[in-house]
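> Next one to model:
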Amino acid sequence: MNGFEPLLAGLLALLAGLAIGKAWERYKLRDGKWFDRRRTRQSPHYILGLNFLVANQIDQAIEELGRAASLENDALEVHMILGNLYREKGQVGKAITVHQSLLQRPRLTRLEHAHVLLCLGLDYKRGGFVDRALEAFNEVLRLDPKNEYALVNLQKLHEEQHQWTEAYDTRRRLSALTNTGEPSQNQAILAFLDNEIGLEAMRRKDFPEAIRRFDAAIDLDARAVPAYLNLGDVRVAQGKDQDAATVWEKLIEVAPDRAYLAFDRLEALAVRTGSPERFTRVCRRLIDENPQDWRARLALSRHLAASGRAHDALDLQFAALVQNPHALSIHQAIWRALAQLQYPASLVSRYSDLTRHAVFYLDPHVCMRCRYRSTELLWQCPHCHDWNTFVEERIAPAQDATEVEV
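Purely as a prediction, here's the structure:
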């Protein structure tokens, strides 16, 4: 029997430890009194409040959670949620008051302090108190250096203030914490921030620093389109036209879906250097590789129309129209070409047939994260502030290019 006594004693110690752990999880000593952490969570008001919150019924959620909080004033998480709901409703003053009062509580743990400060920083950010928000997020990181939410919001604040170097350094810290998650996303964001720093150097005429930053952006993300565009602009400013053309043609190679952003630059450079056929070859190659590329056809048609080849231009424009019948830019180009040809009846009739069911629009783009709409391609969404989230919105899919006569 004596052989079982150590085993029995160990089992009893384990059970006692589990019981103490459960009690510690449920009860907390505050100001000399024990209180039940689950009391508020078991309240019907708390459960109703969460249900309303899930249903996005903010007013009802605030009412029920307020009743739950009144049952137990020490329920820290309920008061934090209430403050956050006030902020979402735009009642920033109330949110700040709630979260500031929580910071005055004695014996907050380090992590509790950090969580409340994070909420307060979000309040300040929403209210436009930038300095206070920066101070709050930095204090959160002092208490909890691995707080990803504080780092993300700190980065966004720096971006909104165009403090690109600070935003870059903050993203580097965040990337080090999330290197097992989405490294490609971190690299893409760092590439865009490198590009912004390069633009600042470019405005200062510090071309070596600008080139270093644009090259760094491309090394981080081979599809960092604005870095290619800006790097080519620097080379032009330095009088290195050939290098600029090489950079922009590299952009077309790695990101053919964004090639149209370099068309105006490449065409102007080709004309200025006396080699317009170079631009023609680029457009023809894009059309051959992707028969649905209406922008390459449109760019080439403009190039041909400028050199007096209105008939050839119009054929390309009609082919582009089949691919995207709603783009206003194509229709405007066709009208100019028809005017140049003095409106021949057969071509006007062909144009009328192609556009019978078309609805014109200005190439709309939409953010994939927040659905913000823009008539131009933006690299950072002005609404949700995420990077590289815009895609072109098409009213109708492109038609089969095999039937298109070019």
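
> low-scoring pLDDT stretches of this protein, where are they?
Within the chain, the stretches with pLDDT under 70 are 1-43, 72-74, 179-183, 357-363, 394-406.

> Now with 50, please.
Residues of the chain meeting the criterion pLDDT under 50: 1, 7-8, 11-12, 15-27, 29-35, 181, 397-406.

> where along it do the strands fall?
Here the chain has its strands, by DSSP state E, at 27-30, 33-36, 365-367, 373-374, 390-392.

> what about the closest residue to Pro382 other than its chain neighbours, distance to Glu393?
Spatial nearest neighbour of Pro382, chain neighbours left out: Tyr372 (6.9 Å); criterion: Cβ to Cβ, 6 or more residues apart in numbering. Yep, even glycine has a C-beta here, placed from its N, CA and C like the rest. The gap separating Tyr372 from Glu393 is 11 Å, by Cβ to Cβ, to the nearest Å.

> what's the answer for Ala224, then?
Distance from Ala224 to Glu393, by Cβ to Cβ: 23 Å.

> thought Glu160 was touching Pro382?
No: using Cβ atoms under 8 Å, Glu160 makes no contact with Pro382, being 10.1 Å away.

> The stretch 251-400 of the chain: helices as residue ranges?
Along the stretch 251-400 of the chain, counting by DSSP state H, counting those that start in this stretch, helices occupy 263-272, 276-289, 294-306, 310-323, 328-340, 345-354.

> Let me know which of those is the nearest to Gly49.
Nearest to Gly49, of all the helices of the stretch 251-400 of the chain, is helix 328-340, at 49.5 Å by Cβ to Cβ.

> and the closest one, how far out from the chain's middle?
When distances are taken as Cα atoms, centre = their mean, to the nearest Å, helix 328-340 is centred 35 Å away from the chain's centroid.

> Compute the number of surrounding residues for Arg204.
10 (other Cβ atoms under 10 Å).

> nope, His113 is what I meant
By other Cβ under 10 Å, 17 other residues sit near His113.

> just Ser349 next, same as before
Counted with other Cβ under 10 Å, residues neighbouring Ser349 total 10.

> what residues are up against the nearest residue to Val247 once chain neighbours are set aside?
Distances taken as Cβ to Cβ, 6+ apart place Gly232 nearest to Val247, at 4.2 Å, with adjacent residues excluded. By Cβ atoms under 8 Å, 6 or more residues apart in numbering, the residues touching Gly232 are 243-245, 247-248, 251, 262, 265.
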